[in-house]
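Student: All I have is the shape, not the residue letters:
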(Lines give C-alpha, C1' and ligand atoms only; values in the text may rest on other atoms or scores of the structure.)
Protein backbone atom coordinates (compact mmCIF):
# COMPACT_ATOMS: atom_id res chain seq x y z
CA UNK A 1 0.00 0.00 0.00
CA UNK A 2 1.35 3.42 -0.92
CA UNK A 3 1.48 5.50 2.25
CA UNK A 4 2.40 8.79 0.63
CA UNK A 5 0.10 11.67 1.43
CA UNK A 6 -2.38 12.74 -1.25
CA UNK A 7 -3.93 16.16 -1.64
CA UNK A 8 -7.24 16.72 -3.52
CA UNK A 9 -6.06 20.20 -4.53
CA UNK A 10 -2.51 21.39 -4.90
CA UNK A 11 -1.55 24.58 -3.16
CA UNK A 12 -0.75 26.16 -6.52
CA UNK A 13 -4.31 25.61 -7.74
CA UNK A 14 -5.77 26.82 -4.47
CA UNK A 15 -3.69 29.98 -4.41
CA UNK A 16 -4.53 30.82 -7.99
CA UNK A 17 -8.21 30.38 -7.14
CA UNK A 18 -7.73 33.09 -4.53
CA UNK A 19 -6.30 35.44 -7.12
CA UNK A 20 -8.36 34.79 -10.26
CA UNK A 21 -11.13 32.31 -9.57
CA UNK A 22 -11.81 29.19 -11.60
CA UNK A 23 -14.32 29.32 -14.47
CA UNK A 24 -14.63 25.52 -14.64
CA UNK A 25 -15.86 25.03 -11.06
CA UNK A 26 -18.79 26.47 -9.12
CA UNK A 27 -17.79 28.76 -6.27
CA UNK A 28 -18.99 26.29 -3.64
CA UNK A 29 -16.34 23.75 -4.69
CA UNK A 30 -13.36 26.04 -4.15
CA UNK A 31 -11.33 24.98 -1.11
CA UNK A 32 -9.23 28.17 -1.10
CA UNK A 33 -5.55 28.36 -0.16
CA UNK A 34 -6.13 28.75 3.56
CA UNK A 35 -8.02 25.44 3.76
CA UNK A 36 -5.41 23.71 1.65
CA UNK A 37 -2.68 25.03 3.90
CA UNK A 38 -4.53 24.09 7.07
CA UNK A 39 -4.97 20.58 5.73
CA UNK A 40 -1.43 20.01 4.52
CA UNK A 41 0.87 22.90 5.38
CA UNK A 42 2.57 22.31 2.04
CA UNK A 43 1.99 22.19 -1.71
CA UNK A 44 0.63 19.07 -3.34
CA UNK A 45 2.71 16.44 -5.12
CA UNK A 46 1.06 16.39 -8.51
CA UNK A 47 3.73 14.70 -10.58
CA UNK A 48 5.73 12.20 -8.53
CA UNK A 49 5.30 8.63 -9.66
CA UNK A 50 3.91 6.28 -6.97
CA UNK A 51 6.18 3.52 -8.24
CA UNK A 52 9.26 5.64 -7.48
CA UNK A 53 8.42 6.05 -3.78
CA UNK A 54 9.79 4.16 -0.83
CA UNK A 55 6.67 3.76 1.25
CA UNK A 56 6.59 4.71 4.91
CA UNK A 57 3.77 5.36 7.33
CA UNK A 58 6.03 6.93 9.96
CA UNK A 59 5.75 10.67 10.44
CA UNK A 60 8.81 12.33 11.93
CA UNK A 61 9.16 15.56 13.86
CA UNK A 62 12.16 17.71 14.61
CA UNK A 63 12.97 21.27 15.64
CA UNK A 64 12.22 24.12 13.27
CA UNK A 65 15.28 25.36 11.38
CA UNK A 66 13.36 28.22 9.74
CA UNK A 67 14.97 31.63 10.05
CA UNK A 68 12.09 34.09 10.60
CA UNK A 69 12.26 36.69 7.81
CA UNK A 70 11.84 39.57 10.26
CA UNK A 71 14.78 38.40 12.40
CA UNK A 72 17.68 40.58 11.27
CA UNK A 73 19.87 43.31 12.72
CA UNK A 74 18.78 46.91 12.44
CA UNK A 75 20.21 49.16 9.75
CA UNK A 76 23.59 50.62 10.66
CA UNK A 77 23.18 54.04 9.10
CA UNK A 78 25.90 56.65 9.04
CA UNK A 79 28.74 56.03 11.49
CA UNK A 80 32.52 55.63 11.59
CA UNK A 81 34.15 52.26 10.81
CA UNK A 82 34.26 49.85 13.73
CA UNK A 83 35.62 46.47 14.77
CA UNK A 84 32.87 43.81 14.68
CA UNK A 85 32.98 40.29 16.10
CA UNK A 86 30.75 37.62 14.53
CA UNK A 87 30.21 34.25 16.25
CA UNK A 88 28.97 31.39 14.09
CA UNK A 89 28.40 27.80 15.13
CA UNK A 90 28.17 24.89 12.70
CA UNK A 91 25.35 22.61 13.85
CA UNK A 92 24.21 19.36 12.21
CA UNK A 93 20.67 18.37 13.22
CA UNK A 94 17.54 16.52 12.20
CA UNK A 95 15.14 19.37 11.50
CA UNK A 96 11.58 19.76 10.22
CA UNK A 97 11.52 19.88 6.42
CA UNK A 98 7.74 19.59 5.99
CA UNK A 99 4.67 18.28 7.78
CA UNK A 100 5.62 14.79 9.02
CA UNK A 101 9.01 14.93 7.29
CA UNK A 102 12.49 15.67 8.61
CA UNK A 103 15.90 16.15 7.00
CA UNK A 104 19.48 16.02 8.23
CA UNK A 105 20.43 19.69 7.95
CA UNK A 106 23.81 21.35 8.22
CA UNK A 107 23.37 24.89 9.56
CA UNK A 108 24.97 28.02 10.85
CA UNK A 109 23.49 28.66 14.32
CA UNK A 110 20.71 26.05 13.89
CA UNK A 111 18.85 28.12 11.28
CA UNK A 112 18.41 28.20 7.51
CA UNK A 113 19.53 30.58 6.26
CA UNK A 114 22.19 31.42 8.83
CA UNK A 115 22.21 34.80 10.57
CA UNK A 116 22.05 37.91 8.43
CA UNK A 117 25.37 39.63 9.11
CA UNK A 118 25.59 43.40 8.92
CA UNK A 119 28.61 45.68 8.61
CA UNK A 120 29.56 49.08 7.24
CA UNK A 121 32.12 49.57 4.50
CA UNK A 122 35.63 49.73 6.01
CA UNK A 123 34.55 47.89 9.16
CA UNK A 124 37.01 45.28 10.44
CA UNK A 125 35.12 42.01 10.81
CA UNK A 126 36.40 39.20 13.04
CA UNK A 127 34.78 35.84 12.26
CA UNK A 128 34.72 33.08 14.89
CA UNK A 129 33.58 29.73 13.48
CA UNK A 130 32.96 26.96 16.01
CA UNK A 131 32.16 23.38 14.96
CA UNK A 132 30.21 21.43 17.57
CA UNK A 133 31.99 18.37 18.95
CA UNK A 134 28.88 16.26 18.25
CA UNK A 135 29.06 16.99 14.52
CA UNK A 136 30.30 14.43 12.03
CA UNK A 137 31.91 16.71 9.43
CA UNK A 138 34.46 19.47 9.06
CA UNK A 139 32.96 22.85 8.15
CA UNK A 140 34.28 26.21 6.95
CA UNK A 141 33.01 29.55 5.64
CA UNK A 142 33.40 31.49 2.40
CA UNK A 143 31.97 35.02 2.55
CA UNK A 144 31.63 36.67 -0.84
CA UNK A 145 32.21 40.02 0.89
CA UNK A 146 35.80 39.02 1.72
CA UNK A 147 38.80 40.09 -0.33
CA UNK A 148 41.24 37.21 0.23
CA UNK A 149 41.81 33.54 -0.75
CA UNK A 150 38.71 31.40 -0.56
CA UNK A 151 36.69 34.24 0.93
CA UNK A 152 37.95 32.98 4.29
CA UNK A 153 37.52 29.28 3.60
CA UNK A 154 41.28 28.81 3.22
CA UNK A 155 41.64 29.83 6.88
CA UNK A 156 38.61 28.15 8.41
CA UNK A 157 38.46 24.36 7.84
CA UNK A 158 37.20 23.47 11.31
CA UNK A 159 36.98 19.84 12.52
CA UNK A 160 34.34 18.88 15.09
CA UNK A 161 35.11 20.29 18.52
CA UNK A 162 37.38 23.07 17.23
CA UNK A 163 37.14 26.81 16.51
CA UNK A 164 38.84 28.91 13.83
CA UNK A 165 39.15 32.70 13.67
CA UNK A 166 40.00 35.06 10.85
CA UNK A 167 39.63 38.79 10.21
CA UNK A 168 38.88 40.80 7.09
CA UNK A 169 38.20 44.40 6.18
CA UNK A 170 34.89 44.98 4.41
CA UNK A 171 36.11 47.25 1.63
CA UNK A 172 33.26 46.91 -0.89
CA UNK A 173 29.61 47.67 -0.13
CA UNK A 174 26.91 45.29 -1.29
CA UNK A 175 24.77 42.32 -0.34
CA UNK A 176 26.75 39.09 -0.41
CA UNK A 177 26.17 35.37 0.06
CA UNK A 178 28.21 33.34 2.51
CA UNK A 179 28.32 29.53 2.68
CA UNK A 180 30.26 26.53 3.88
CA UNK A 181 33.08 25.68 1.45
CA UNK A 182 34.13 22.23 2.67
CA UNK A 183 34.15 19.52 0.01
CA UNK A 184 31.76 18.39 -1.30
CA UNK A 185 30.74 22.04 -1.19
CA UNK A 186 27.35 21.54 -2.85
CA UNK A 187 26.36 18.96 -0.19
CA UNK A 188 26.97 21.44 2.61
CA UNK A 189 25.14 24.25 0.80
CA UNK A 190 22.07 22.24 -0.19
CA UNK A 191 21.80 21.01 3.39
CA UNK A 192 21.46 24.56 4.70
CA UNK A 193 24.86 26.17 5.21
CA UNK A 194 24.31 29.54 3.56
CA UNK A 195 23.33 33.09 4.49
CA UNK A 196 23.77 36.76 3.59
CA UNK A 197 26.04 39.57 4.76
CA UNK A 198 25.11 43.21 4.15
CA UNK A 199 27.98 45.70 3.81
CA UNK A 200 26.31 49.10 3.98
CA UNK A 201 27.82 52.11 2.20
CA UNK A 202 29.35 54.86 4.32
CA UNK A 203 26.14 56.91 4.23
CA UNK A 204 23.97 53.89 5.08
CA UNK A 205 20.99 52.56 3.15
CA UNK A 206 17.85 54.61 2.39
CA UNK A 207 15.35 54.42 5.28
CA UNK A 208 12.40 52.02 4.96
CA UNK A 209 9.61 50.96 7.31
CA UNK A 210 10.42 47.24 7.44
CA UNK A 211 13.15 44.88 6.32
CA UNK A 212 12.90 41.15 5.59
CA UNK A 213 15.44 38.38 5.01
CA UNK A 214 14.56 35.67 2.49
CA UNK A 215 16.71 33.01 0.82
CA UNK A 216 15.87 30.30 -1.69
CA UNK A 217 17.36 26.83 -1.55
CA UNK A 218 17.05 23.32 -2.98
CA UNK A 219 17.07 19.91 -1.31
CA UNK A 220 17.88 16.67 -3.09
CA UNK A 221 16.35 13.81 -1.13
CA UNK A 222 16.51 10.04 -1.32
CA UNK A 223 12.70 9.80 -1.52
CA UNK A 224 10.22 11.92 -3.47
CA UNK A 225 8.52 15.10 -2.33
CA UNK A 226 5.58 14.35 -0.07
CA UNK A 227 6.92 11.26 1.69
CA UNK A 228 6.54 11.08 5.44
CA UNK A 229 9.55 10.20 7.53
CA UNK A 230 13.24 11.11 7.55
CA UNK A 231 14.74 12.32 4.28
CA UNK A 232 18.41 11.95 3.46
CA UNK A 233 20.62 13.63 0.87
CA UNK A 234 20.76 12.00 -2.56
CA UNK A 235 24.15 12.75 -4.08
CA UNK A 236 23.09 11.38 -7.47
CA UNK A 237 20.16 13.82 -7.65
CA UNK A 238 22.40 16.64 -6.46
CA UNK A 239 24.90 15.98 -9.25
CA UNK A 240 22.06 15.68 -11.78
CA UNK A 241 20.59 18.98 -10.46
CA UNK A 242 17.12 17.47 -9.99
CA UNK A 243 15.85 18.65 -6.59
CA UNK A 244 12.82 17.16 -4.85
CA UNK A 245 12.22 20.23 -2.68
CA UNK A 246 12.62 23.95 -3.36
CA UNK A 247 12.04 26.19 -0.37
CA UNK A 248 12.28 29.66 1.08
CA UNK A 249 14.13 29.86 4.42
CA UNK A 250 14.86 26.17 4.66
CA UNK A 251 11.53 24.34 4.82
CA UNK A 252 8.11 23.88 3.23
CA UNK A 253 5.68 26.34 4.81
CA UNK A 254 8.46 28.50 6.25
CA UNK A 255 6.97 31.75 4.94
CA UNK A 256 3.32 30.65 4.77
CA UNK A 257 2.12 28.74 7.82
CA UNK A 258 5.14 29.41 10.04
CA UNK A 259 6.44 32.96 9.44
CA UNK A 260 4.61 34.92 6.73
CA UNK A 261 5.93 38.39 6.03
CA UNK A 262 3.60 41.02 7.55
CA UNK A 263 3.33 44.73 6.78
CA UNK A 264 0.80 47.59 6.45
CA UNK A 265 -0.60 49.70 3.64
CA UNK A 266 1.51 52.80 3.09
CA UNK A 267 4.74 51.18 4.28
CA UNK A 268 7.87 50.76 2.21
CA UNK A 269 9.51 47.39 2.75
CA UNK A 270 12.94 46.08 1.82
CA UNK A 271 13.69 42.44 1.13
CA UNK A 272 17.24 41.11 1.25
CA UNK A 273 16.88 38.18 -1.13
CA UNK A 274 19.53 35.59 -1.88
CA UNK A 275 19.88 32.18 -3.50
CA UNK A 276 21.85 29.59 -1.59
CA UNK A 277 21.23 27.10 -4.37
CA UNK A 278 23.49 25.38 -4.94
CA UNK A 279 22.40 24.96 -8.56
CA UNK A 280 19.25 26.74 -9.74
CA UNK A 281 18.66 30.35 -10.79
CA UNK A 282 15.64 32.11 -9.23
CA UNK A 283 13.14 34.34 -11.01
CA UNK A 284 11.95 36.10 -7.86
CA UNK A 285 8.47 37.60 -8.22
CA UNK A 286 5.74 38.95 -5.95
CA UNK A 287 2.35 38.24 -7.51
CA UNK A 288 0.28 41.44 -7.57
CA UNK A 289 3.13 43.81 -6.73
CA UNK A 290 6.08 45.51 -8.40
CA UNK A 291 9.67 45.87 -7.31
CA UNK A 292 9.79 49.67 -7.12
CA UNK A 293 13.57 49.54 -6.74
CA UNK A 294 15.75 46.58 -7.63
CA UNK A 295 19.42 46.68 -6.68
CA UNK A 296 20.30 44.26 -9.43
CA UNK A 297 22.80 41.51 -8.54
CA UNK A 298 22.95 43.19 -5.10
CA UNK A 299 25.14 46.05 -6.32
CA UNK A 300 25.03 49.11 -4.06
CA UNK A 301 27.37 51.09 -6.32
CA UNK A 302 25.05 51.16 -9.34
CA UNK A 303 21.69 53.00 -9.51
CA UNK A 304 18.75 50.69 -8.82
CA UNK A 305 16.41 49.60 -11.57
CA UNK A 306 12.87 50.88 -11.10
CA UNK A 307 9.43 49.30 -11.55
CA UNK A 308 10.62 45.76 -12.19
CA UNK A 309 8.33 42.73 -12.35
CA UNK A 310 10.80 39.87 -11.77
CA UNK A 311 14.36 39.73 -10.44
CA UNK A 312 16.78 37.18 -11.87
CA UNK A 313 19.10 35.94 -9.10
CA UNK A 314 21.79 33.28 -9.69
CA UNK A 315 22.92 30.70 -7.13
CA UNK A 316 25.49 32.32 -4.89
CA UNK A 317 23.93 35.69 -5.75
CA UNK A 318 21.53 38.16 -4.21
CA UNK A 319 19.30 41.16 -4.84
CA UNK A 320 17.91 43.91 -2.66
CA UNK A 321 14.38 44.97 -3.51
CA UNK A 322 12.17 47.75 -2.15
CA UNK A 323 8.47 48.30 -2.68
CA UNK A 324 5.74 50.55 -1.32
CA UNK A 325 2.56 48.72 -0.32
CA UNK A 326 -0.62 50.38 -1.56
CA UNK A 327 -3.40 47.77 -1.54
CA UNK A 328 -4.18 45.39 1.37
CA UNK A 329 -4.29 41.64 0.90
CA UNK A 330 -2.14 38.53 0.62
CA UNK A 331 0.67 38.61 -1.93
CA UNK A 332 2.50 35.47 -3.04
CA UNK A 333 6.29 35.30 -3.10
CA UNK A 334 7.31 32.86 -5.83
CA UNK A 335 10.00 31.82 -8.23
CA UNK A 336 8.27 32.46 -11.56
CA UNK A 337 9.55 29.10 -12.77
CA UNK A 338 6.17 28.12 -11.35
CA UNK A 339 6.57 24.34 -11.48
CA UNK A 340 8.78 24.85 -8.43
CA UNK A 341 5.68 26.00 -6.56
CA UNK A 342 4.64 22.33 -6.42
CA UNK A 343 7.89 21.43 -4.64
CA UNK A 344 7.37 23.82 -1.75
CA UNK A 345 8.54 27.21 -3.03
CA UNK A 346 6.00 29.74 -1.75
CA UNK A 347 5.86 32.66 0.66
CA UNK A 348 3.15 35.06 1.83
CA UNK A 349 3.37 38.82 2.24
CA UNK A 350 0.29 39.78 4.27
CA UNK A 351 -0.60 43.47 4.04
CA UNK A 352 -3.15 45.02 6.39
CA UNK A 353 -4.88 48.37 6.02
CA UNK A 354 -7.79 50.25 4.48
CA UNK A 355 -9.07 49.23 1.06
CA UNK A 356 -7.95 51.21 -1.97
CA UNK A 357 -10.93 50.87 -4.29
CA UNK A 358 -9.49 53.65 -6.46
CA UNK A 359 -6.66 51.24 -7.31
CA UNK A 360 -8.29 47.81 -7.12
CA UNK A 361 -11.91 46.69 -6.82
CA UNK A 362 -14.33 44.04 -7.97
CA UNK A 363 -16.71 44.82 -10.81
CA UNK A 364 -16.70 47.31 -13.66
CA UNK A 365 -15.34 50.82 -13.75
CA UNK A 366 -18.72 52.26 -12.71
CA UNK A 367 -18.29 50.52 -9.32
CA UNK A 368 -15.27 52.68 -8.50
CA UNK A 369 -15.79 55.73 -6.25
CA UNK A 370 -13.94 57.74 -8.91
CA UNK A 371 -16.83 57.24 -11.38
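Tutor: Nice, I can see it. Here the structure is a predicted model, which means the values were calculated and not measured.

Student: which residues touch whichever helix or strand residue 125 is part of?
Tutor: Using DSSP states H and E, residue 125 sits within strand 124-131. Residues from elsewhere that reach strand 124-131, judged by CB atoms under 8 Å, 6 or more residues apart in numbering: 81-90, 117, 119, 138-141, 143, 152, 156, 158-170. Glycine gets a C-beta too; all of them are placed from N, C-alpha and C.

Student: of those, buried ones?
Tutor: When the contacts of strand 124-131 are checked for burial by 16 or more other CB atoms under 10 Å, the buried set is 84, 86, 88-90, 117, 119, 138-141, 143, 152, 156, 158, 164, 166, 168, 170.

Student: related to what we said a few turns ago, heading C-terminal from the strand holding residue 125, find the next helix or strand.
Tutor: Downstream of strand 124-131 (by DSSP H and E), the next one is strand 142-143.

Student: heading toward the C-terminus, what's the first helix or strand past that next one?
Tutor: Counting by DSSP H and E, what follows strand 142-143 is strand 163-169.

Student: That following strand pairs with which strands, parallel or anti?
Tutor: strand 124-131 (antiparallel) (DSSP bridges).

Student: Quick check: buried residues in the strand it pairs with?
Tutor: By neighbour count on 16+ other CB under 10 Å, the buried set for strand 124-131 is 125, 127, 129-131.

Student: What mean pLDDT does it get?
Tutor: Strand 124-131 shows a mean pLDDT of 98.

Student: State which strand of this protein is the longest.
Tutor: Counting residues, the longest strand in the chain under DSSP state E turns out to be strand 83-98.

Student: the inter-axis angle of the next helix or strand after that one versus strand 83-98?
Tutor: Next helix or strand after strand 83-98 toward the C-terminus (DSSP H and E): strand 101-108. Relative orientation of strand 101-108 and strand 83-98, computed by axes from the mean of the first three to the mean of the last three CA atoms, to 10 degrees: 170 degrees.

Student: Which secondary structure elements does strand 101-108 sit against?
Tutor: Judged by 3 or more CB pairs under 8 Å, 6 or more residues apart in numbering; DSSP states H and E, the packing partners of strand 101-108 are strand 83-98, strand 229-231.

Student: any chance of those strands in a markdown table, with mean pLDDT and distance to residue 326 too?
Tutor: Converted to a markdown table, the helices and strands packed on strand 101-108 look like this (pLDDT from 0 to 100; distance: least, CB to CB, whole Å):
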| stretch | mean pLDDT | distance to residue 326 |
| --- | --- | --- |
| strand 83-98 | 98 | 34 |
| strand 229-231 | 97 | 41 |
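
Student: Ok, which of those comes nearest residue 364?
Tutor: Evaluated over the helices and strands packed on strand 101-108, closeness to residue 364 peaks at strand 83-98, with 42.6 Å, by CB to CB.

Student: For the closest residue to residue 153 other than its chain neighbours, give me the pLDDT.
Tutor: With sequence-adjacent residues excluded and distances taken as CB to CB, 6 or more residues apart in numbering, residue 153 is closest to residue 181, at 3.6 Å. pLDDT recorded at residue 181 is 98.

Student: Residue 238 and residue 187 touch, don't they?
Tutor: Yes - in this structure, residue 238 is within contact of residue 187 by CB atoms under 8 Å, at 6.7 Å.

Student: Identify the residues contacting residue 272.
Tutor: Going by CB under 8 Å, 6+ apart, residue 272 touches 72, 116, 175, 196, 198, 211-214, 318, 320.

Student: Please repeat the previous calculation with a cut-off of 7 Å.
Tutor: Shown in contact with residue 272 (CB atoms under 7 Å, 6 or more residues apart in numbering): 116, 175, 196, 198, 211, 213, 320.

Student: Next: residue 244.
Tutor: 219-221, 224-225, 237, 343.

Student: Turn those residues into TSV, columns for distance to residue 276 and secondary structure.
Tutor: Formatted as TSV, the contacts of residue 244 follow (distance: CB to CB, whole Å; DSSP: H, G, I helix; E, B strand; the rest coil):
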residue	distance to residue 276	secondary structure
219	11	strand
220	13	coil
221	16	strand
224	22	coil
225	18	coil
237	17	helix
343	15	helix
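
Student: contacts for stretch 292-309?
Tutor: Outside stretch 292-309, the residues that reach it (CB under 7 Å, 6+ apart) are 173-176, 201, 285, 290-291, 311, 317-324.

Student: What's the mean pLDDT across that stretch?
Tutor: In this model, stretch 292-309 has a mean pLDDT of 97.

Student: which parts of that stretch are buried?
Tutor: Going by neighbour count (16+ other CB under 10 Å), the buried part of stretch 292-309 is 292-300, 304, 308.
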